[in-house]
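Chemist: I'd like to go over a predicted model; first the sequence, then the structure.
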Amino acid sequence: MIDARAAVLLEAGADPSLTDIAVRPPIGDEVLVRIDAVGICHTDISIAARWPAKRLPMVFGHEGAGTVVATGPQADLRTGQPVVLTFASCGRCEYCAAHRPAYCAHSTDRNMRGDGAGESSALRLAGTPIGGGFFGQSSLATYAVARQRNTVAIDDLDPVLAAPLGCSVQTGVGTVLNALAARPEHAVVVFGAGAVGLSAVMGARIAGCRAIVAVDPVAQRRELAAELGATATVDAAAGAVAAEVLDATGGGAHAAVDTTAIPEVLTTALSVLRARGTLAIVGLGAPVAPLPVGLIMGRGLTVRGVVEGDSEPHAFIPRLVALAGAGELPLDRLVTTYAFEDFDVAWSAAKTGRVIKPVLVTGS
């Protein structure tokens with residue numbers, strides 16, 4: 001067993017707290033990764049807030065980046081290899097076979113529910129198995145066990161910048177480049193300028209879109225969106241959002257990206273699409289929302305969900321690394337770093353939205 005520190009949720013309704021744990025060696029196709037940096041995502045926060053008491057203790061985290069320190073006998077990654085940890089998938093279902101692992105038939109079990117804290121769990125607290133395996137990694141820790149399938153080897157990139165590639169940046173950039181297949185003649189509008197939304201803005205700039213509109217109520221985030229490639233920004237609290245977006249796009253967007261999952265925002269997003277436009281829903285929020293069916297039918301609109309940017313991560317994450325290396329993804333503009341021991345400060349910053357992407361650095 002390897003001694004580690006982890007952010008462990010011990011009590012339902014509370015925040016995780018740093019705790020000493022032990023991590024078992026990897027087996028099968030698993031890899032043991034020393035986590036050098038890990039992002040905090042709103043998915044971590046929202047799932048932790050409603051995690052059932054009967055399944056505690058639990059470790060979250062799904063934007064880990066680090067270095068392979070040990071491998072199971074069926075894994076062919078080498079020790080010392082820099083890696084990004086990403087979402088888990090089975091590799092066997094029809095969706096994985098079609099190179100659509102984000103829609104794996106077993107995605108919910110492998111990502112949202114963890115490993116069940118049974119004897120097979122990689123994590124121990126005072127000798128007792130605890131919940132791990134969140135998104136196949138539970139990387140809010142100094143060490144994490146993942147499978148080869150959700151461990152992506154990368155070329156040299158600062159782990160602080162590499163960590164968000166595993167989820168938020170992959171989701172935002174991938175939604176625009178993969179799911180929406182944005183082109184230079186397209187106008188794109190992004191609702192919500194958090195880590196995913198700003199990544200979508202950068203994706204639209206990489207695609208060369210003629211108009212890129214970012215909608216957010218926070219002035220500083222709108223300013224950053226403009227610096228990252230938005231050709232126009234709209235204050236979501238100003239009251240004339242649709243009119244401003246229509247004006248900025250020259251009559252309507254070809255594609256909209258919603259990161260908010262707020263019903264009123266979804267309706268607005270549909271209203272600013274031109275005929276045959278597409279709304280990509282990537283945010284987790286309201287479980288249901290009324291939709292303007294007449295508008296959708298009359299304009300031939302498409303509404304689709306997008307998970308993890310429609311990415312095949314072993315192909316797409318190295319592409320993101322290359323874009324970052326070429327200066328096309330200024331990830332440093334999104335990230336605020338915290339020492340791992342300041343986890344509680346970083347978690348609070350993520351919960352309140354004070355920073356866009358808090359990243360914990362272990363100092364290993």
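Modeler: That came through, no problem.
Chemist: now do the helices in the stretch 151-300 of the chain.
Modeler: 159-162, 168-174, 195-206, 219-228, 241-248, 263-271, 293-299 (DSSP state H, counting those that start in this stretch).
Chemist: now do the second one: distance to the chain's middle.
Modeler: Okay, so that is helix 168-174. 7 Å (C-alpha atoms, centre = their mean, to the nearest Å).
Chemist: picking up where we left off before, CSV please, covering the helices of the stretch 151-300 of the chain and showing mean neighbour count, distance to V84 and mean pLDDT.
Modeler: For glycine as for every other residue, the C-beta is placed from the backbone atoms N, C-alpha and C. Below are those laid out as CSV (neighbours: other C-beta atoms under 10 Å; distance: least, C-beta to C-beta, whole Å; pLDDT from 0 to 100):
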stretch, mean neighbour count, distance to V84, mean pLDDT
helix 159-162, 24, 5, 98
helix 168-174, 30, 9, 98
helix 195-206, 28, 15, 98
helix 219-228, 17, 21, 98
helix 241-248, 18, 34, 97
helix 263-271, 19, 30, 96
helix 293-299, 11, 37, 97
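Chemist: poorly predicted segments of the stretch 251-364 of the chain, please.
Modeler: 364 (pLDDT under 70).
Chemist: hang on, the earlier thing: any chance of the helices of the stretch 151-300 of the chain in TSV with distance to E308 as columns?
Modeler: Listed next are these as TSV, based on distance: least, C-beta to C-beta, whole Å:
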stretch	distance to E308
helix 159-162	16
helix 168-174	6
helix 195-206	11
helix 219-228	21
helix 241-248	26
helix 263-271	20
helix 293-299	25
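Chemist: looking at the ones you listed, which is closest to G61?
Modeler: The closest of the helices of the stretch 151-300 of the chain to G61 is helix 168-174. By C-beta to C-beta, the value is 12.9 Å.
Chemist: what's the closest one packed up against?
Modeler: helix 195-206, helix 313-325 (3 or more C-beta pairs under 8 Å, 6 or more residues apart in numbering; DSSP states H and E).
Chemist: tell me the angle the longest one makes with helix 195-206.
Modeler: What separates the directions of helix 313-325 and helix 195-206 is an angle of 70 degrees, with axes from the mean of the first three to the mean of the last three C-alpha atoms, to 10 degrees.
Chemist: if we can go back for a sec, for the helices and strands packed on helix 168-174, give me JSON lines that also has distance to D44.
Modeler: Below are the helices and strands packed on helix 168-174 laid out as JSON lines (distance: least, C-beta to C-beta, whole Å):
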{"stretch": "helix 195-206", "distance to D44": "12"}
{"stretch": "helix 313-325", "distance to D44": "18"}
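Chemist: between these, which one is nearest to T249?
Modeler: So among the helices and strands packed on helix 168-174, helix 195-206 is nearest, using C-beta to C-beta, at 11.8 Å.
Chemist: what does that closest one contact?
Modeler: 39, 41, 164, 168-169, 171-177, 182, 186, 188, 190-191, 193, 212, 214, 216, 221, 224-225, 228-230, 257, 259, 282-283, 323, 328-330, 333-334, 356-357 (C-beta atoms under 8 Å, 6 or more residues apart in numbering).
Chemist: show me those residues that map onto strands.
Modeler: In strands, judged by DSSP state E, the following of the contacts of helix 195-206 are found: 39, 188, 190-191, 212, 214, 216, 257, 357.
Chemist: ok, how many other residues are close to A70?
Modeler: Burial measure for A70: 16 neighbouring residues, criterion other C-beta atoms under 10 Å.
Chemist: what sits against the closest residue to it other than its chain neighbours?
Modeler: In this structure, A70 finds its nearest non-sequential neighbour in L32, 4.1 Å apart by C-beta to C-beta, 6 or more residues apart in numbering. L32 is in contact with 2, 23, 25-26, 68-71, 143-145, counting by C-beta under 8 Å, 6+ apart.
Chemist: per-domain residue ranges of the chain.
Modeler: Per automatic domain parsing, the structural domains of the chain span 2-153+334-361, 169-307.
Chemist: what about the last one, start to end distance?
Modeler: This means domain 169-307. This stretch, domain 169-307, spans 12 Å end to end (C-alpha to C-alpha, to the nearest Å).
Chemist: can you count the residues close to the closest residue to V213 other than its chain neighbours?
Modeler: Nearest residue to V213, sequence neighbours excluded (C-beta to C-beta, 6+ apart): V189, at 4.3 Å. Neighbours of V189 under the rule other C-beta under 10 Å: 32.
Chemist: is V189 bridged to anything, and to what?
Modeler: V213, A256 (DSSP bridges).
Chemist: between the helices of the stretch 151-300 of the chain, which gets nearest to A117?
Modeler: It is, among these and with distance given as C-beta to C-beta, helix 168-174, at 26.8 Å.
Chemist: quick one: the residue nearest to V213 from G251, how far?
Modeler: As judged by C-beta to C-beta, to the nearest Å, V189 and G251 stand 12 Å apart.
Chemist: thanks a lot, catch you later.
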